[in-house]
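Visitor: attaching a predicted model along with its sequence, questions to come.
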Amino acid sequence: MSTSVKTDAAPAGQPQLTGDLAMWIFILAELAAFSLFILAFSVTQWLRPDVFMDGRAQLDSSTGWAMTAGLLTSGFLAALAVERVRKNHARQAAALLIAAIASGMVYVVLKLGEYSHLASAGFDLEYNTFFTLYWLTTAFHFLHVLLGLVVLGILSVLCMRGHFGAHRYSGMESGVLYWHMIDLVWVILFPLVYLLGSP
């Protein structure tokens, strides 16, 4: 009687999909949802450029740049964590994931500060078309960031417990892929919401 160990390594010369197929399907569904928000924002901006220009004047683009730096740095650290796991250094990967969470929290703190400032100034969901779409679009993304940070936290715990290693890392790849999706969406949202057509 022979036993076999299931691994994530593909036979030599055979291409392998990064992460799980189910995660790719989920990411594509999420991207489709974000695409609807982006399309609505873009079309409405084309119809009401003056309203959107005035709305952007109330946003601080330097805060947007800082949030972008926080998310991209977090994505880079998470990618390094995947490489560490592939080389069987799960504890190093856990440390990198914790650093990725800390970097991602820069976005969370700045975004909450921005929300608080806008709400106290009266720029709420019903103020005008720009702010209706601003709140709906960025809040939808913000919720994904929170979920993504939870995923990174779970991955870091699993790494510390030795769940991932050189021959078992598909789950790690899937979780980090989700985080990269969040980064990608923000890279599109940032110029769309903060920069395009601004004075």
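Guide: Looks like it came in fine. Numbers count the residues shown, from 1 in each chain.
Visitor: pLDDT below threshold where in this structure?
Guide: Residue ranges of the chain with pLDDT under 70: 1-20, 197-199.
Visitor: show me where it has helices.
Guide: 21-47, 49-56, 61-86, 90-120, 129-160, 170-190 (DSSP state H).
Visitor: can you redo those helices as CSV with mean neighbour count and distance to residue 196?
Guide: C-betas here are computed from N, CA, C, even on glycine. Below are these laid out as CSV (neighbours: other CB atoms under 10 Å; distance: least, CB to CB, whole Å):
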stretch, mean neighbour count, distance to residue 196
helix 21-47, 14, 7
helix 49-56, 16, 8
helix 61-86, 19, 11
helix 90-120, 18, 18
helix 129-160, 18, 12
helix 170-190, 21, 10
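Visitor: got the contact list for residue 88?
Guide: Residue 88 makes contact with 165-166 under the criterion CB atoms under 8 Å, 6 or more residues apart in numbering.
Visitor: identify the residues contacting residue 132.
Guide: Counted by CB under 8 Å, 6+ apart, residue 132 has contacts 125-126.
Visitor: brain fart, residue 144
Guide: Residue 144 makes contact with 30, 182, 185 under the criterion CB under 8 Å, 6+ apart.
Visitor: which residue, neighbours along the chain excluded, lies closest to the second one?
Guide: Okay, so that is residue 182. residue 148 (4.8 Å; CB to CB, 6 or more residues apart in numbering).
Visitor: I figured that neighbour hits residue 177, correct?
Guide: No - contact criterion CB atoms under 8 Å: residue 148 and residue 177 do not qualify, at 10.5 Å.
Visitor: right, I'll leave it there.
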